[in-house]
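Peer 1: quick one, fold the following:
(one chain, ligands or ions: 3)
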Amino acid sequence: MQEALLTPYPFIKVALPVPMRTLFDYKVPKAIALRHTLKPGMRIKVPFGKSSRLGVIVSLSETSDWDPEQVKPLTSLCDESSVITEELMALCEWAARYYHHPIGDVIFHALPVLLRKGENAEFRTENWWLTTQEGQNLALDQLSRAPRQQDFLKAVQQHPNGLSQHAASVLDLAPAAGKTLEEKGLLRREPRSFNKSGEKHAHQMQVPPTLNPEQTIATEELLDHRSHFNVALLDGVTGSGKTEVFLRVMERLIDEGKQILVMVPEIGLTPQTLKRFEIRFNTDIVLMHSNMSDRERLDAWLLAANGHAKIIIGTRSSAFIPAPNLGLIVIDEEHDTSYKQHEGFRYHARDLAIKRAQSLDIPVLLASATPSYESLTNALQKKFTWLKLRKRAGNAHIPEMERVDLRGKTLIHGFSEYALASIKLCLERKEQVLVFLNRRGYAPTLMCHQCGWIAACDHCDVNLTVHKRANKLHCHHCDTQKALLHTCPECQSEELFTVGEGTEQIETQLHTLFKDTPILRIDRDSTQRKSAMAKLTQKIHEHDQAILIGTQMLAKGHHFPNVTLVIIMDADAGLFSSDFRGMERTAQLITQVAGRAGRAKKPGHVLLQTYHPDHAAIECLCNLGYEHFAIDGLAERKSLSLPPFYHQVIIRAESSNEQEAMQLLAAMRNDLEPYFSKEVYLVGPYAAIIVRKAGQHRALVSIKSPHRGPLHQATQMITQWLEQSTRQHKIRFAIDVDPLET
Ligand code: ADP
Ligand code: ZN
Ligand code: ZN
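Peer 2: Ligands and ions are numbered 1, 2, ... in the order given. Modelled structure (predicted):
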């Protein structure tokens with residue numbers, strides 16, 4: 001009796017980072033139960049097989065489904081309070097169900113990497129220098145023969161509250177001198193908790209512009225809905241002042257003591273973006289993105305978790321950031337596919353954020369110039385509040401789109417004569433040109449003139465891309481790299497030539513055509529180093545005339561005020577894609593790139609090079625714009641029973657053996673189909689468009705249904721079936737709910 005009172009919950013259910021869709025039961029030893037209050041969301045160490053694992057408590061339980069004698073006791077407790085709040089635990093559980101993904105993997109995904117590895121959920125401590133009584137009183141000239149010590153002591157004397165080690169290094173003080181002063185008893189060190197807010201930079205604050213009528217209406221509407229769940233789609237052409245609208249809404253919520261999560265696409269978080277927030281908000285802002293160190297991410301996470309950070313700007317994974325006073329989630333460029341994780345735990349951060357906001361009863365704001373068909377449908381069906389901005393803010397105008405017919409024309413390095421003449425004129429006006437080609441590298445193919453051999457990846461069914469500058473052949477699918485070949489491995493001929501053009505080649509050729517013009521390439525290869533993008537943007541702003549050449553990286557979030565001409569080298573890429581989402585993506589990309597033109601006072605012009613100038617899609621996009629294009633596209637999706645009208649799940653399987661994945665999925669269909677609801681439609685198994693990737697042969701089954709319920713049930717049956725059947729085989733499978741790629 002006594003014992004039962006002391007430990008009302010003798011069992012805990014634990015999530016472990018293992019690919020199993022279950023929780024694991026453990027016993028709470030009496031010694032731990034007496035001294036600590038266990039709560040869901042705390043990390044613990046548990047025995048697992050022959051080793052020990054870090055786990056997260058999901059719930060406390062009076063009973064276990066297993067024989068209590070067999071249930072092992074947990075080893076130790078890692079936290080005194082929960083690292084996964086109740087709110088986030090519920091979100092993780094929902095996500096695990098919705099995406100049919102192992103709960104342990106979901107929960108661990110929600111934690112910063114260092115917490116997954118067992119690091120304490122505490123701010124790192126930093127040593128601060130302080131003077132001793134003696135050190136404070138010492139006359140500095142007594143150290144005149146040791147100038148470094150003299151400098152050091154002087155600086156610390158001037159900071160009666162102490163000088164952080166970081167600040168000392170910024171002041172260029174010699175650490176060895178500090179140590180010597182410490183040994184002499186003049187200085188002492190004190191560890192203090194790292195607090196980023198102490199290092200805040202002073203910014204010249206910006207006076208916000210006066211809102212135009214469209215912006216005013218949108219802002220007021222959003223403010224009306226600021227204290228309850230509501231999803232608003234802020235649908236405004238590029239440069240229409242969407243950011244300005246959400247900055248206004250944020251201002252009000254911050255005054256009301258709320259925290260705000262602003263999500264941005266993976267590569268949309270530019271230094272310019274951060275600056276824009278810093279000059280508007282005199283409050284603590286933290287960033288969360290993949291270019292930060294694990295420690296920096298944990299510190300940002302802690303600042304959000306303790307409520308200190310008022311604004312959190314982050315990419316996909318920040319959907320799981322704890323924020324006790326969260327009052328709004330903004331999702332900028334909501335159509336961007338980087339919000340969907342394409343591997344492992346395949347969640348969509350936008351959809352997750354909407355679910356989270358619903359549970360918290362707070363608003364979500366989705367912003368885009370090219371809303372996803374999903375969001376547009378929700379807006380059309382009045383599930384989302386639809387706010388439109390149709391004019392550019394300030395004095396800027398929407399750029400004019402012109403098709404350039406390439407049929408029968410002689411091209412010079414991929415450019416039509418008309419495009420080259422337009423570039424020349426633009427440069428003469430001391431303005432900038434943006435050339436868009438969504439293919440990095442020098443050329444997509446290397447071929448032998450004598451025997452027709454083509455350089456292909458050994459592990460994937462694709463050709464290797466030629467990277468001349470790096471002197472390499474590179475597989476863009478599995479990252480395999482080889483030295484660039486100069487003789488054919490089949491016939492030893494030295495007549496190897498490249499087919500097609502990538503950004504690297506266009507850059508080289510533009511150099512020969514426009515000798516004295518600065519030419520800057522912006523793609524994944526040229527921006528690999530941490531500060532490369534910042535340096536490139538700086539250069540772009542330094543010059544009057546310049547040519548920028550780049551991939552889709554250029555389409556995101558950048559503001560190049562002097563770009564007045566945009567050339568889309570290959571508007572047809574994506575027109576004939578086998579993926580039904582190809583058209584949507586193409587239209588978004590073209591519209592976003594085109595939107596880089598004429599963002600400031602000068603008018604912009606866009607040239608689309610195409611072999612299909614009369615293609616209905618290109619014509620519609622040029623003459624009627626994205627919204628019209630999308631509404632037509634949605635009508636087509638509806639008539640074909642495609643998403644977003646039908647819900648879709650893709651079952652992916654891969655095996656090193658050519659047949660196994662395909663056979664497994666066929667067997668699954670055979671076994672289960674009779675049990676599915678009539679409202680569930682299966683297609684497949686069929687081979688992936690690129691069948692072999694990184695040595696794995698890939699097969700898929702697509703299932704769809706007009707209703708989520710039956711689709712969910714079918715997926716659950718499939719998951720169970722596959723889990724059992726793959727135990728013996730070396731086949732991996734994945735469930736992709738609401739997939740964005742086929
Ligand atoms: P979007 O987010 O829609 O691309 P931004 O909010 O970035 O648009 O606005 C585009 C440009 O117009 C920015 O330089 C911004 O400072 C400016 N701007 C926005 N609203 C106004 C306004 N009401 N008056 C003048 N300039 C504005
Ligand atoms: Zn050959
Ligand atoms: Zn490959």
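
Peer 1: how much space between the residue of the stretch 201-350 of the chain found nearest ligand 2 and residue 734?
Peer 2: Nearest to ligand 2 in the stretch 201-350 of the chain, going by Cβ to the ion, is residue 342, at a distance of 36.2 Å. For glycine as for every other residue, the C-beta is placed from the backbone atoms N, C-alpha and C. Applying Cβ to Cβ, to the nearest Å, the value for residue 342 to residue 734 is 10 Å.

Peer 1: which one of the two is surrounded by more residues?
Peer 2: Taking neighbours as other Cβ atoms under 10 Å, residue 342 and residue 734 compare with residue 734 leading, 18 against 12.

Peer 1: show me what that one is bridged to.
Peer 2: Residue 734 forms beta bridges with residue 652, as assigned by DSSP bridges.

Peer 1: state the phi and psi torsions of residue 377.
Peer 2: The phi/psi pair for residue 377 (degrees, to the nearest 10) reads phi -60, psi -40.

Peer 1: OK, contacts around it?
Peer 2: 634, 644, 645 (Cβ atoms under 8 Å, 6 or more residues apart in numbering).

Peer 1: pull out the buried residues from those.
Peer 2: 634, 644 (16 or more other Cβ atoms under 10 Å).

Peer 1: if we look at ligand 3, which of the contacts of residue 377 are close to it?
Peer 2: Checked against ligand 3 using Cβ under 5 Å from the ion, the contacts of residue 377 give no members in range.

Peer 1: in CSV, list the contacts of residue 377 along with secondary structure and pLDDT.
Peer 2: CSV is the format used below for the contacts of residue 377 (DSSP: H, G, I helix; E, B strand; the rest coil; pLDDT from 0 to 100):
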residue, secondary structure, pLDDT
634, helix, 95
644, coil, 95
645, coil, 95
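
Peer 1: want to throw the contacts of residue 377 into JSON lines with distance to ligand 2?
Peer 2: Output for the contacts of residue 377, formatted as JSON lines (distance: Cβ to the ion, whole Å):
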{"residue": "634", "distance to ligand 2": "49"}
{"residue": "644", "distance to ligand 2": "49"}
{"residue": "645", "distance to ligand 2": "50"}
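
Peer 1: tell me the one of the contacts of residue 377 nearest ligand 1?
Peer 2: residue 634 (22.8 Å; Cβ to the nearest ligand atom).

Peer 1: I figured the closest one hits residue 374, correct?
Peer 2: No. Residue 634 is beyond contact range of residue 374, at 10.0 Å (criterion: Cβ atoms under 8 Å).

Peer 1: hey, what's in contact with both of the two?
Peer 2: With Cβ under 8 Å, 6+ apart, residue 634 and residue 374 have common neighbours residue 644.

Peer 1: show the backbone phi and psi for residue 37.
Peer 2: Residue torsions, per degrees, to the nearest 10, at residue 37 are phi -100, psi 110.

Peer 1: if I look at it, how far off is ligand 3?
Peer 2: Taking Cβ to the ion, to the nearest Å as the measure, residue 37 falls 52 Å from ligand 3.

Peer 1: a helix runs through residue 322, doesn't it?
Peer 2: No. Under DSSP: H, G, I helix; E, B strand; the rest coil, residue 322 falls outside any helix and is assigned coil.

Peer 1: where exactly do the strands run in the stretch 151-300 of the chain?
Peer 2: 163-164, 187-193, 230-236, 259-263, 285-288 (DSSP state E, counting those that start in this stretch).

Peer 1: just the CA coordinates for the third one, please, in CSV.
Peer 2: What it means is strand 230-236. C-alpha atoms of strand 230-236 as CSV (Å, rounded to 0.1, in the frame of the first residue of the first chain):
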residue,chain,number,x,y,z
ASN,A,230,-7.4,31.3,-38.4
VAL,A,231,-5.4,30.5,-41.6
ALA,A,232,-4.9,33.5,-43.9
LEU,A,233,-3.5,33.3,-47.3
LEU,A,234,-1.7,36.5,-48.1
ASP,A,235,-1.6,36.2,-51.9
GLY,A,236,0.3,39.1,-53.4
